[in-house]
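Visitor: Here is my input, please return the structure:
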Amino acid sequence: MPVSLTAHAIPAIVAGEMNSKPLLQVLEIKVISNSKQQERYRLLLSDGVSSQNAMLATQLNDRFKATQVKIGSIVQLLEYICSPIQNRKILVVLNMEIVLLDCQIIGNPTPFVEFDLPAQGALLNNSMQNLSKSSNYQLPPQNPSSNVQNFQLPRMNASSYVQNFRPTFQPPYQPPPVYKGQGAIIRNEAPSRVIPISALNPYQGRWAIKARVTAKGDLRRYNNARGDGKVFSFDLLDSEGGEIRVTCFNAVVDQFYDAIEVGRVYMISKGSLKPAQKNFNHLKNEWEILLDSTSTVELFPEEDGSIPKQQFSFKPINDIENFDNNFILDVIGVVTSVNPSVPILRKNGIETQRRILNLKDWSGRSVELTLWGEFCNREGQNLQQMVDAGLFPILAVKAGKVNEFSGKSIGTISATQLFINPDFPEARSLRDWFDRVGKDSASVSISKDIIPGGPKNDVRKTLSQIKDEGLGRSDKPDWITVKATVSFIKTDSFYYTACPLKIGERQCNKKVTKSGNSRWLCDRCNQEFDECDYRFLLQAQILDHTGISWVTAFQETGEEIMSFSAKELYLLKHEQEDDDKFTGIIKSRLFNEFVFRLKIKEELYGDEQRVKVTVAKADKVDYSSESRYVLDMISKFGRQ
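Guide: Coordinates of the predicted model:
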């Protein structure tokens, strides 16, 4: 079919004067990779007379590959930006359509030579006059209606041409073009124009975006080689579904932190773009916005219904098995059980809260969701009350992180958002399914062999498997969960004397001895004190239907088993000498059933290697959760 390319489109695009959607031809296609190893396509586009290099926006990569664009293909540019960088113009194609895949090369196009001045026509005419005067070069006859490309310049280096024949007068001011989805922003002096988030790229000049804040991170403080600092981020969503993260540091935090509210719509401009840090940024955008002291953030007082409140991309629970560890995703399900919140001491010595619940959906699978920190007290407490009342709420999770140990589970991160009984189609469909058939249907947990409510890396085993499978004999300890009964407790050495002094925010707890003056001495702290602390060093036997094992429980787990502190039992036995009461307490703790989290590791005792089993957690059996675990196991083996 005959095709007519848009005449003089390349000079008009570079000059910022093209307001239509030009038809151009592809002359070259090159694939390049940036520092992030991301593929980008560089095209050479032609209007039949001139050609210009262009970069394809990465969001078009899949469509570009699918349509199999080739050399000679005719394309129509729908959205594009032409911006200056390092004394040359860069054309970035944001959206385009393929008009014709196969076509012969039209015309004899040559690379377009741009001049480093805004007024292209005035520069060319003046330069041609200087050229004529200085070198006796005769200008061809001029047609007033002809385009500047009809002039034929003598062949020479473009940079030397500009240097030798730069006009001596100041060209007249031309107003900047207005962005209309495909126009160019070519000067830093151009006013900021509202563009879609998807159109943002680092080659632009001034820009502005109108978007809703969908998430706001906590204010974090840090320390590095440059000193102390603080940072916070928030996520934006615009009317076209584009998302991007905005980050503020130090003084800019003070400028904008209190002004940003989740759910409100803002106009943001005068920020800079940097590559997104994918380790911390889950949004589908290769850029982030960095605000500085000159940036503007303006609140829209009226609600804009064209911008959605939130954007989800829900994954069925059975698909979570196929995602890698640390993958960020959205999931929706029915909350079938919620465990109590428990304190957890992190490696940095800071205590936080953890609460584990179970989600199921119509895929026939269920998954554990671990809530951390404030999620346990806000949404977690609300969910537990609803489940205890038999309501089984719908929970939508935005930006949950996949955890992979013995199975797959989901955990909350700082960017996670939880929505209880949300009002949108997916939630209504799930509620209808659960009320009709889902409540009575069995589901298989993808958190395989993990006890509901237990830590994610605790594999359910029996006591006999410790020996049969040689657990604890590798370089790293083995962690398992067993349901067992306490059958015997040693009472002659159930505690040790500990240092009560503080090291930073934590207690020393090192074993102490009596010094010559009847005071207690800590070798680690190198200090003496009048009174020591008493902590559990409890040795007990536990048994299940397969065997028996000796275990050691320290302070917290000792208190979970005994329901008394080590100091209370010490005073009762050694100072109050109430043997009957002490013996009664010990007997009352025998034959109680617990779900134990055990750490198994081989250690050297003298010249002998022995497997030591330490109790890391001792929870009373929740028979409701235990029943669900057994049913899940029955369903699992029934499907195999």
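Visitor: which regions of the stretch 151-300 of the chain sit below the pLDDT cut-off?
Guide: Under the criterion pLDDT under 70, the flagged ranges of the stretch 151-300 of the chain are 151-192, 205.
Visitor: ranges for the helices of it?
Guide: 158-164, 251-256 (DSSP state H, counting those that start in this stretch).
Visitor: Could you do the chain as well?
Guide: Here the chain has its helices, by DSSP state H, at 9-15, 61-67, 120-135, 158-164, 251-256, 374-375, 381-388, 425-436, 464-468, 555-562, 566-570, 579-589, 623-639.
Visitor: Return the fifth one as PDB; C-alpha atoms alone will do.
Guide: Extracted C-alpha coordinates of helix 251-256, given in PDB (Å, rounded to 0.1, in the frame of the first residue of the first chain):
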ATOM      1  CA  ALA A 251      15.700  19.100  55.500                       C
ATOM      2  CA  VAL A 252      13.300  18.100  52.800                       C
ATOM      3  CA  VAL A 253      11.700  15.600  55.300                       C
ATOM      4  CA  ASP A 254      10.900  18.600  57.600                       C
ATOM      5  CA  GLN A 255       9.400  20.400  54.600                       C
ATOM      6  CA  PHE A 256       7.000  17.700  53.400                       C
END
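Visitor: List the contacts of that helix.
Guide: With contacts defined as CB atoms under 8 Å, 6 or more residues apart in numbering, helix 251-256 is touched by Leu219, Lys230, Val231, Phe232, Cys248, Leu291, Asp292, Ser293, Ser295, Val297. C-beta here means a position set from N, CA and C on the backbone, and glycine is covered the same way.
Visitor: Out of the residues you listed, which sit inside strands?
Guide: Of the positions in the contacts of helix 251-256, Lys230, Val231, Phe232, Cys248, Val297 sit in strands, assigned by DSSP state E.
Visitor: Farthest-apart pair in the residues you listed, please.
Guide: Across these, the two members that end up farthest from each other (CB to CB) are Lys230 and Val297, 17.5 Å apart.
Visitor: So which of those two has more stuff around it?
Guide: Just comparing Lys230 and Val297: by other CB atoms under 10 Å the higher neighbour count belongs to Val297, 19 against 16.
Visitor: how close does Ile466 get to Gly271?
Guide: Distance from Ile466 to Gly271, counting by CB to CB, to the nearest Å: 58 Å.
Visitor: Same drill for the two, tell me which one is more crowded.
Guide: For the pair Ile466 and Gly271, the greater number of neighbours falls to Gly271 (24 against 21), based on other CB under 10 Å.
Visitor: give me the beta-bridge partners of the nearest residue to the more buried one once chain neighbours are set aside?
Guide: Among residues not flanking Gly271 along the chain, Ile289 sits closest, at 4.4 Å (CB to CB, 6 or more residues apart in numbering). Per DSSP bridges, the residues bridged to Ile289 are Val246, Leu273.
Visitor: wait, which of the ones in strands among the contacts of helix 251-256 is closest to Gln204?
Guide: Within the set of those, Val297 lies nearest Gln204; the separation is 18.5 Å, counting by CB to CB.
Visitor: Who does the closest one form a beta bridge with?
Guide: Judged by DSSP bridges, the bridge partners of Val297 are Ile268.
Visitor: residues touching it, list them.
Guide: In this structure, Val297 makes contact with Phe256, Ala259, Ile260, Tyr266, Met267, Ile268, Leu291, judged by CB under 8 Å, 6+ apart.
Visitor: how does it look with 6 Å?
Guide: Contact analysis of Val297 by CB atoms under 6 Å, 6 or more residues apart in numbering lists Phe256, Tyr266, Ile268.
Visitor: Please report how far it lies from Val113.
Guide: Distance, Val297 to Val113, using CB to CB: 41 Å.
Visitor: circling back: Cys248 is in contact with the residue nearest to Gly271, correct?
Guide: No. Ile289 is not in contact with Cys248 according to CB atoms under 6 Å; the separation is 9.6 Å.
Visitor: contacting residues for Glu28?
Guide: Shown here is Glu28, whose contacts under the criterion CB under 6 Å, 6+ apart are Leu44.
Visitor: swap that for Val26, sorry
Guide: Contacts of Val26 (CB under 6 Å, 6+ apart): Leu43, Ile71, Ser73.
Visitor: which of those are buried?
Guide: A residue is treated as buried here by neighbour count (16 or more other CB atoms under 10 Å); on that basis the buried members of these are Leu43, Ser73.
Visitor: Between the contacts of Val26, which sits nearest Asn325?
Guide: Top of the list for closeness to Asn325, among the contacts of Val26 and by CB to CB, is Leu43 at 37.6 Å.
Visitor: got a list of what that closest one touches?
Guide: With contact taken as CB under 6 Å, 6+ apart, Leu43 is in contact with Val26, Ala54.
Visitor: What residues are bridge-paired with it?
Guide: Taking DSSP bridges, one obtains Ile29, Ala54 as the residues bridged to Leu43.
Visitor: how much space between it and Asn108?
Guide: Separation of Leu43 from Asn108 (CB to CB) stands at 19 Å.
Visitor: can you check Pro393 too?
Guide: Distance, Pro393 to Asn108, using CB to CB: 69 Å.
Visitor: more neighbours, these two?
Guide: Neighbours around Pro393 and Asn108, counted as other CB under 10 Å, are more numerous at Pro393. The numbers are 19 against 8.
Visitor: I figured that one hits Ile420, correct?
Guide: Yes. Shown here, Pro393 and Ile420 form a contact pair, counting by CB under 6 Å, at 5.4 Å.
Visitor: Need the overlap of contacts for the two.
Guide: Between them, Pro393 and Ile420 share no contacting residue, judged by CB under 6 Å, 6+ apart.
Visitor: For stretch 620-633, give the mean pLDDT please.
Guide: Averaging pLDDT along stretch 620-633 yields 78.
Visitor: Please save the CA atoms from it in PDB.
Guide: Provided in PDB are the C-alpha atoms of stretch 620-633 (Å, rounded to 0.1, in the frame of the first residue of the first chain):
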ATOM      1  CA  LYS A 620       0.500 -24.300  75.000                       C
ATOM      2  CA  VAL A 621      -1.400 -26.400  72.400                       C
ATOM      3  CA  ASP A 622      -4.100 -24.500  70.600                       C
ATOM      4  CA  TYR A 623      -6.400 -27.400  69.800                       C
ATOM      5  CA  SER A 624      -8.300 -25.400  67.200                       C
ATOM      6  CA  SER A 625      -5.100 -24.600  65.200                       C
ATOM      7  CA  GLU A 626      -3.900 -28.100  65.800                       C
ATOM      8  CA  SER A 627      -7.100 -29.600  64.300                       C
ATOM      9  CA  ARG A 628      -6.700 -27.400  61.300                       C
ATOM     10  CA  TYR A 629      -3.200 -28.500  60.900                       C
ATOM     11  CA  VAL A 630      -4.200 -32.200  61.000                       C
ATOM     12  CA  LEU A 631      -7.000 -31.600  58.500                       C
ATOM     13  CA  ASP A 632      -4.600 -29.800  56.200                       C
ATOM     14  CA  MET A 633      -2.200 -32.800  56.400                       C
END
